[in-house]
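Peer 1: how would this look folded up:
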Amino acid sequence: MEKIAEIAEIEFKVGESYSNEKGVFEVMSIDGDQIVIQFENGEKISSDIAMQRRIQDRRQWEQSVREREAASPKTKPRRKAERKPAKSFSGLQSEVFQEKISDTQWRSRQQLGGSVASQLSFDRFKFNSWAASTKNEIHWADTSHWKSKKIPHVAKFFARADEASFSWGFYIERPDATGSGSADWEAFMRWLRRPENDQWLRESAESEELEVYDTHKSCFIGVIRPQKTDWAVEGSSVRNSTETLAACIDSWPATSWLDLMIAKRISKAEAIGRAGDIADDIALLFSRLLPLYEAAVSHLG
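Peer 2: Model prediction:
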């Protein structure tokens, strides 16, 4: 699959206008690594320049994907000439959807794993894919970060198939009290506790229809969904809201293992119906959620 062209890094200028998911805004001031922006409705916020730059880079990346797809001939299968007939990824088949590890072919670098990795083109990271050893899922991460023996429990992107659904998104682990710590987890939580980052994640999760959950189910059984101003917590024995996602996570048992997933979930039928385009769907979401991965690996410098 063709890689998308590298995106030139944007430089903000005071007095000029830009846009993000909330709408058009004007840069009011820049002080070091902080930027003050004002939206058309009068709302003014202070934010990290780096985070706003990542948003702009991601929007340019998504636009390049749309332009590339619009330029593709409508009467021919998309990217047919780019795929090897014997090993191309043409979509998810019914037999993929089971709890146990299924035929590993769909998870390989010649199939969905590689099809998505080939679209993840970023200056700082070189992403590759790995089939999970004990789960019916694929993991994507920066190659050097993944292979580092000094960093256990690395953050990653994932895609998983079960009997009824297909999900993909961001995945990060917090080991229990008996295991070694996770530098990725600590860095991620420091980032998440900042109000502007929680707001960005909540708005992104709302627009992408994402869910937050503990797949290990040792800290929380249920799902957390974004709302306009907070998060809805729908647990097995509780139904309420929390102002920030970090506050909710901090309220869970600190010594229990946590497999935190921030993901999109669709039905088996919808996933199969997307055919080969599911790879594009996955790559686009990973690009949008890249700030989560960057936050988790920020301790690496």
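Peer 1: switch to C-alpha atoms for all contacts and neighbour counts from now on
Peer 2: Fine.
Peer 1: got the buried residues for stretch 177-190?
Peer 2: Residues of stretch 177-190 classed as buried: 181-189 (neighbour count, 16 or more other CA atoms under 10 Å).
Peer 1: One more: stretch 195-209?
Peer 2: Residues 196-206 are the ones in stretch 195-209 that count as buried (16+ other CA under 10 Å).
Peer 1: can you check stretch 39-52 too?
Peer 2: 39, 47-49, 51-52.
Peer 1: Kindly check the end-to-end length of it for me.
Peer 2: Taking CA to CA, to the nearest Å, stretch 39-52 runs 14 Å from one end to the other.
Peer 1: which residues touch it?
Peer 2: Contacts of stretch 39-52 with the rest of the structure, by CA atoms under 8 Å, 6 or more residues apart in numbering, involve 23-26, 33-38, 196, 291.
Peer 1: What distance do you get for the closest residue to Phe158 other than its chain neighbours to Pro226?
Peer 2: Take Phe158 and drop its neighbours on the chain: the residue closest to it by CA to CA, 6 or more residues apart in numbering is His139, 4.5 Å away. Per CA to CA, His139 is found 25 Å from Pro226.
Peer 1: try Ile272
Peer 2: Ile272 is 27 Å from Pro226, where distance means CA to CA.
Peer 1: quick one: which of those two has more around it?
Peer 2: Remark: of Ile272 and Pro226, Pro226 carries more neighbours, 25 against 20, as counted by other CA atoms under 10 Å.
Peer 1: dump the residue contacts of the more buried one.
Peer 2: Pro226 makes contact with 202-203, 205-206, 210-211, 232 under the criterion CA under 8 Å, 6+ apart.
Peer 1: The helix or strand bottoming out on mean pLDDT in the chain: what's the following helix or strand?
Peer 2: Least confident element among the helices and strands of the chain, by mean pLDDT, DSSP states H and E: helix 49-71 (a mean of 69). From helix 49-71 onward toward the C-terminus, using DSSP states H and E, the following helix or strand is helix 112-117.
Peer 1: what's that next one packed up against?
Peer 2: Where contact means 3 or more CA pairs under 8 Å, 6 or more residues apart in numbering; DSSP states H and E, helix 112-117 is packed against strand 127-131, strand 137-142, helix 278-288.
Peer 1: can I get the CA coordinates of the last one in CSV?
Peer 2: Just to be clear, that refers to helix 278-288. Only the C-alpha atoms of helix 278-288 are listed here, as CSV (Å, rounded to 0.1, in the frame of the first residue of the first chain):
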residue,chain,number,x,y,z
ILE,A,278,-11.0,-1.3,7.2
ALA,A,279,-7.2,-0.8,7.0
ASP,A,280,-7.7,2.8,6.0
ASP,A,281,-10.2,3.3,8.9
ILE,A,282,-7.7,1.9,11.4
ALA,A,283,-4.7,4.0,10.1
LEU,A,284,-6.8,7.2,10.3
LEU,A,285,-7.8,6.6,13.9
PHE,A,286,-4.3,5.7,14.9
SER,A,287,-3.1,9.0,13.3
ARG,A,288,-5.7,10.9,15.3
